[in-house]
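Chemist: take a look and give me a structure for this.
(chains A and B)
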Protein chains: 2
Amino acid sequence: MRLFYHKDINPDQNEVTLTSEDSKHIVRVLRMQNSEQLHLMDGRGNRYTCTIIDAHQKKCKVKVDGVETLPPTASHIHIGIAPTKNMDRIEFFLEKAIEIGVGKITFFYSKHSERKQLKLDRLERIAVSAMKQSRKFWTPELTIASSFKETLAIEADQKFIAYVPTDATENLFQKIEKDQNILVLVGPEGGFSEEEAELAKENSFEWVSLGKERLRTETAGIVTAQILNMVDLK
Amino acid sequence: MRLFYHKDINPDQNEVTLTSEDSKHIVRVLRMQNSEQLHLMDGRGNRYTCTIIDAHQKKCKVKVDGVETLPPTASHIHIGIAPTKNMDRIEFFLEKAIEIGVGKITFFYSKHSERKQLKLDRLERIAVSAMKQSRKFWTPELTIASSFKETLAIEADQKFIAYVPTDATENLFQKIEKDQNILVLVGPEGGFSEEEAELAKENSFEWVSLGKERLRTETAGIVTAQILNMVDLK
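Modeler: Presented below is the predicted three-dimensional model:
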């Protein structure tokens, strides 16, 4: 069934008037009519089964037939990542991390960051699109940290920074434990500075490797999401 | 140092004349001059340290100062994947799989494939670009299989197909063993047909899961590469 995102609804509502954008898409593009069914999601785990009762092309109205609340996935996983210079790549990371499973993403600027600004609303739109495609019902919490220090102050049971000073640095997978809130920081194209890595260590972050290969920032982010999602396979 | 790909060289050569494309890039764009150094790679593990001896903008000539042969990475990993409808997505898989590490990739068409043709030369260009970016010196072997049956006949020590009929299907990570040549097949958008999954089983492929989440084809391919590269962490 077709799935639409509408963040301003709640499970008590009997009727919903859709946004003009969705109304147009449903009525003019998909040519859906009264009495046809669709799903709505609110990004807070609820899936609404609805029937169109007024196929208006600007304010399509639906009746809510039922609401199902789906359990959160990967809510214990928090990835902090420095945005890449090329926006496409950070957007691709976001899409893939949501597919694989992530609870929170914090974007932070680090010494070697080549990009120093991000638009949260654009990232949120991409997140919603990825959620719809991969049928995820919980929006990951997206934040832009004001500083690297603020990022280091984030709370978690286990905190890691992808920083590999020597071949002996252990892999993230070897360090993670089940049923813990885990935060991993992934650096920009040029990597973290030594100073940043030391500062992280002073703030209870452990240095970890993501594997033997040299990875781009967005790939490191995707790999981190996958490693964290494998914790139950240890 | 700048790195260029030139597949038609061998470690015995003392001098190399670069392609017109690379010559133009080196001389006109990068404005490199005689006596400046660069690296060449041949995709077969060799890195050539060279010095420009004729900065000609169509046929730049370099002298080979030394050759180093790098060990192959992930040569035991073979991923078979059905191309996605959208070419960008299969290209992204290719780039990421090369970064993470893969020895061979076979593209095959399956019953639910929405794309029925691929251009190998375009895929090879993307592979080379990914290799340069991630400083990989071995070109993965890229093949387009003529049929699904041909794909099933590929030899490997362990063979898997990402097909999840029940929640009890074990994760790929639980099944893989160290020091084995491993082949994993990843299906198209619509998944493998039951018939294909059965046929694979008859041909010694085990059914495995890649995780709890619903993944797009290209994400499943990337996740497969990552899981296989973690075999030493078991």
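
Chemist: does stretch A:219-229 reach chain B?
Modeler: Yes: part of stretch A:219-229 sits near chain B under the criterion Cβ under 8 Å from any Cβ of the partner chain, namely A:219, A:222-223, A:226-227, A:229. C-beta here means a position set from N, CA and C on the backbone, and glycine is covered the same way.

Chemist: out of those residues, which sit inside helices?
Modeler: Those of the residues of stretch A:219-229 next to chain B mapping onto helices are A:219, A:222-223, A:226-227, A:229, per DSSP state H.

Chemist: mind listing what residue A:99 touches?
Modeler: The contact partners of residue A:99, by Cβ atoms under 8 Å, 6 or more residues apart in numbering or on different chains, come to A:130, A:133-134, A:136, B:213-216, B:219.

Chemist: residues touching the closest residue to residue A:71 other than its chain neighbours, list them.
Modeler: Excluding the flanking residues, the one nearest residue A:71 by Cβ to Cβ, 6 or more residues apart in numbering or on different chains is residue A:45, at 7.2 Å. Counting by Cβ under 8 Å, 6+ apart, residue A:45 touches A:69-72, A:137-138.

Chemist: out of those residues, who's nearest chain B?
Modeler: residue A:71 (11.1 Å; Cβ to the nearest Cβ).

Chemist: circling back: the contacts of residue A:99, buried ones only, as a ChimeraX selection?
Modeler: To isolate the buried ones among these in ChimeraX, judged by 16 or more other Cβ atoms under 10 Å in any protein chain shown, type:
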select /A:130,134,136 /B:213,215,216,219
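
Chemist: tabulate the contacts of residue A:99 in JSON lines, adding columns for secondary structure and pLDDT.
Modeler: Output for these, formatted as JSON lines (DSSP: H, G, I helix; E, B strand; the rest coil; pLDDT from 0 to 100):
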{"residue": "A:130", "secondary structure": "helix", "pLDDT": "91"}
{"residue": "A:133", "secondary structure": "helix", "pLDDT": "85"}
{"residue": "A:134", "secondary structure": "coil", "pLDDT": "86"}
{"residue": "A:136", "secondary structure": "coil", "pLDDT": "91"}
{"residue": "B:213", "secondary structure": "coil", "pLDDT": "87"}
{"residue": "B:214", "secondary structure": "coil", "pLDDT": "85"}
{"residue": "B:215", "secondary structure": "coil", "pLDDT": "91"}
{"residue": "B:216", "secondary structure": "coil", "pLDDT": "92"}
{"residue": "B:219", "secondary structure": "helix", "pLDDT": "96"}
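
Chemist: and for residue A:119, the neighbour number?
Modeler: With neighbours defined by other Cβ atoms under 10 Å in any protein chain shown, the count for residue A:119 comes to 10.

Chemist: where do the strands sit along chain A?
Modeler: Counting by DSSP state E, chain A has these strands, from start to end: A:3-5, A:15-17, A:37-41, A:46-54, A:61-69, A:77-81, A:104-107, A:141-144, A:158-162, A:182-186, A:206-208.

Chemist: for those, please prepare TSV with the additional fields mean neighbour count.
Modeler: Converted to TSV, those look like this (neighbours: other Cβ atoms under 10 Å in any protein chain shown):
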stretch	mean neighbour count
strand A:3-5	19
strand A:15-17	15
strand A:37-41	19
strand A:46-54	17
strand A:61-69	15
strand A:77-81	26
strand A:104-107	20
strand A:141-144	16
strand A:158-162	22
strand A:182-186	26
strand A:206-208	19
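
Chemist: which residues of chain A lie near chain B?
Modeler: Counting by Cβ under 8 Å from any Cβ, chain A comes close to chain B at A:73, A:92, A:96, A:99-101, A:133-136, A:171, A:173-174, A:211-216, A:219, A:222-223, A:226-227, A:229-230, A:233.

Chemist: follow-up on the earlier one: among the contacts of residue A:45, name the buried ones.
Modeler: A:137-138.

Chemist: could I get the contacting residues of residue A:175?
Modeler: Residue A:175 neighbours (Cβ under 8 Å, 6+ apart): A:158, A:160, A:206, A:208.

Chemist: now tabulate those in CSV and tack on distance to residue A:125 and pLDDT.
Modeler: Below are the contacts of residue A:175 laid out as CSV (distance: Cβ to Cβ, whole Å; pLDDT from 0 to 100):
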residue, distance to residue A:125, pLDDT
A:158, 31, 98
A:160, 29, 98
A:206, 34, 98
A:208, 32, 98
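
Chemist: let me have those in JSON lines, adding distance to residue A:41 as columns.
Modeler: Listed next are these as JSON lines, based on distance: Cβ to Cβ, whole Å:
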{"residue": "A:158", "distance to residue A:41": "30"}
{"residue": "A:160", "distance to residue A:41": "31"}
{"residue": "A:206", "distance to residue A:41": "36"}
{"residue": "A:208", "distance to residue A:41": "34"}
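
Chemist: just give me the closest of the residues you listed to chain B.
Modeler: residue A:208 (11.9 Å).

Chemist: can I see the domain layout of chain A?
Modeler: Domain ranges of chain A: A:3-69, A:77-233, per automatic domain parsing.

Chemist: got the ones you listed as CSV, with distance to residue B:196 columns?
Modeler: Shown next, in CSV, are those (distance: least, Cβ to Cβ, whole Å):
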stretch, distance to residue B:196
domain A:3-69, 28
domain A:77-233, 23
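
Chemist: so which of the contacts of residue A:175 is the closest to residue A:62?
Modeler: residue A:158 (43.1 Å; Cβ to Cβ).

Chemist: measure the closest one to residue A:100 for me?
Modeler: Distance from residue A:158 to residue A:100, counting by Cβ to Cβ, to the nearest Å: 19 Å.

Chemist: also residue A:226?
Modeler: 6 Å.

Chemist: between those two, what contacts are shared?
Modeler: With Cβ under 8 Å, 6+ apart, residue A:226 and residue A:100 have common neighbours B:211, B:223.

Chemist: look at those two and report which has more neighbours.
Modeler: Using other Cβ under 10 Å, the more surrounded residue of residue A:226 and residue A:100 is residue A:100, with 29 against 26.

Chemist: that one contacts residue A:221, doesn't it?
Modeler: No: counting by Cβ atoms under 8 Å, residue A:100 sits too far from residue A:221 to count as a contact (10.1 Å).

Chemist: now for chain A, the helix or strand with the poorest mean pLDDT.
Modeler: helix A:120-133 (a mean of 92; mean pLDDT, DSSP states H and E).

Chemist: in it, which residues are buried?
Modeler: A:123-124, A:126-128, A:130-132.

Chemist: centre-most residue in chain A?
Modeler: The centre of chain A sits closest to residue A:140, judged by Cα atoms, centre = their mean, with a distance of 4.2 Å.

Chemist: residues touching that one, list them.
Modeler: Here residue A:140 is in contact with A:97-98, A:102-105, A:127 (Cβ under 8 Å, 6+ apart).

Chemist: rerun at 7 Å
Modeler: Applying Cβ atoms under 7 Å, 6 or more residues apart in numbering or on different chains to residue A:140 gives the contacts A:98, A:102-105, A:127.

Chemist: which among those gets closest to residue B:109?
Modeler: Closest approach between the contacts of residue A:140 and residue B:109, by Cβ to Cβ: residue A:98, at 28.6 Å.

Chemist: thought residue A:126 was touching the closest one, still the case?
Modeler: No: the pair residue A:98 / residue A:126 is not scored as a contact, 8.8 Å apart, by Cβ atoms under 7 Å.

Chemist: tally of neighbours for residue A:12?
Modeler: Residues near residue A:12, counting by other Cβ under 10 Å: 7.
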